[in-house]
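K.L.:
only the shape, not the letters, is given here:
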Ligand code: HEM
């Protein structure tokens, strides 16, 4: 039997056999909507933006997705198809830096570049710095999915955070973006209306025009 999110939350039990109250089920659903809605919308928007600005990358992605369509009998893309979209799933969100920071609690005194960081301090991980640092990524401002042919050095790619608190929706977000890119790349040409729009960084990085795109059927 397939269980959905609501079933899962209603059935889950901790080690003592205690389940969630109705209020906790609701709170979890609200948290997932809050955490998953804008983030995925922004990641999809930035993926379209970078692909539209880099036609050679878009063409490679389109070829991969057309390849999947050729072998298909029906109209629906399956999870097996998605698993073959290796290029499409390469990370488009390092440069978008949707989650600019993550929070951490220092559980053991540490030293970094001569600074002592005491236990129990709360620290901010500046993800944008990690992702745009040339020590971590060669030519960091270049949108080049082929860079992921080699894995990033440990700890340098934190778009979904990391460790035990890594984004709970990261697989879902990747799947949603891959599906969107699949349908848009095989069905449509797209073109940025304002390719040189100014980028603003607060509250979230976004071109000032909100990424206006013209779509036309292929
Ligand atoms: C591209 C889209 C997304 C990005 C960039 C993103 C990014 C992040 C980041 C950076 C964190 C903090 C992780 C850490 O502290 O190590 C996080 C946590 C979280 N995200 Fe996402 N997220 C995305 C989509 C989603 C979706 C679709 C959902 C759920 C439907 C979701 C649910 C959560 C939850 C529940 C947490 C808290 C995890 C915990 O503290 O244990 N996110 N996300």
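P.N.:
Arrived safely. What you see is a predicted model, and the numbers here were worked out from it, not measured in a lab.
K.L.:
just checking, what packs against the lowest-mean-pLDDT helix or strand in the chain?
P.N.:
Lowest on mean pLDDT, DSSP states H and E among the helices and strands of the chain sits helix 79-84, with a mean of 86. Applying 3 or more CB pairs under 8 Å, 6 or more residues apart in numbering; DSSP states H and E, we find helix 79-84 packed against helix 170-187. C-beta: built from backbone N, CA, C; applies to glycine.
K.L.:
for whatever helix or strand comes next after the helix it packs on, what is the average pLDDT?
P.N.:
With elements assigned by DSSP states H and E, the helix or strand that comes after helix 170-187 is strand 188-192. Strand 188-192 carries an average pLDDT of 91.
K.L.:
do stretch 86-99 as well
P.N.:
pLDDT averaged over stretch 86-99 gives 85.
K.L.:
cool, and stretch 52-63?
P.N.:
92.
K.L.:
ditto for stretch 169-184
P.N.:
92.
K.L.:
before we move on, what about stretch 131-142?
P.N.:
Mean predicted confidence for stretch 131-142 is 94.
K.L.:
in that stretch, which residues are buried?
P.N.:
131, 136-137, 140 (16 or more other CB atoms under 10 Å).
K.L.:
can you check stretch 23-30 too?
P.N.:
Buried, per 16+ other CB under 10 Å, within stretch 23-30: 25, 28.
K.L.:
and it, does that touch the ligand?
P.N.:
No: legend: contact between stretch 23-30 and the ligand by CB under 6 Å from any ligand atom is lacking; minimum distance shown is 8.2 Å.
K.L.:
same deal with stretch 3-20?
P.N.:
No: judged by CB under 6 Å from any ligand atom, stretch 3-20 stays clear of the ligand, getting no closer than 8.5 Å.
K.L.:
gap between the least confident helix or strand of the chain and the chain center?
P.N.:
Helix 79-84 sits 18 Å away from the centroid of its parent chain (CA atoms, centre = their mean, to the nearest Å).
K.L.:
partner strands of the helix or strand following that helix, with direction?
P.N.:
Remark: after helix 79-84, the chain's next helix or strand is strand 101-105, criterion DSSP H and E. Strand 101-105 has the following strand partners under DSSP bridges: strand 122-126 (antiparallel).
K.L.:
residues of the partner strand that come out buried?
P.N.:
residue 125.
K.L.:
what lies in contact with it?
P.N.:
100-106, 117, 158 (CB atoms under 8 Å, 6 or more residues apart in numbering).
K.L.:
right, and the helix or strand after that strand?
P.N.:
Scanning onward from strand 122-126 (DSSP H and E), the first element met is helix 127-132.
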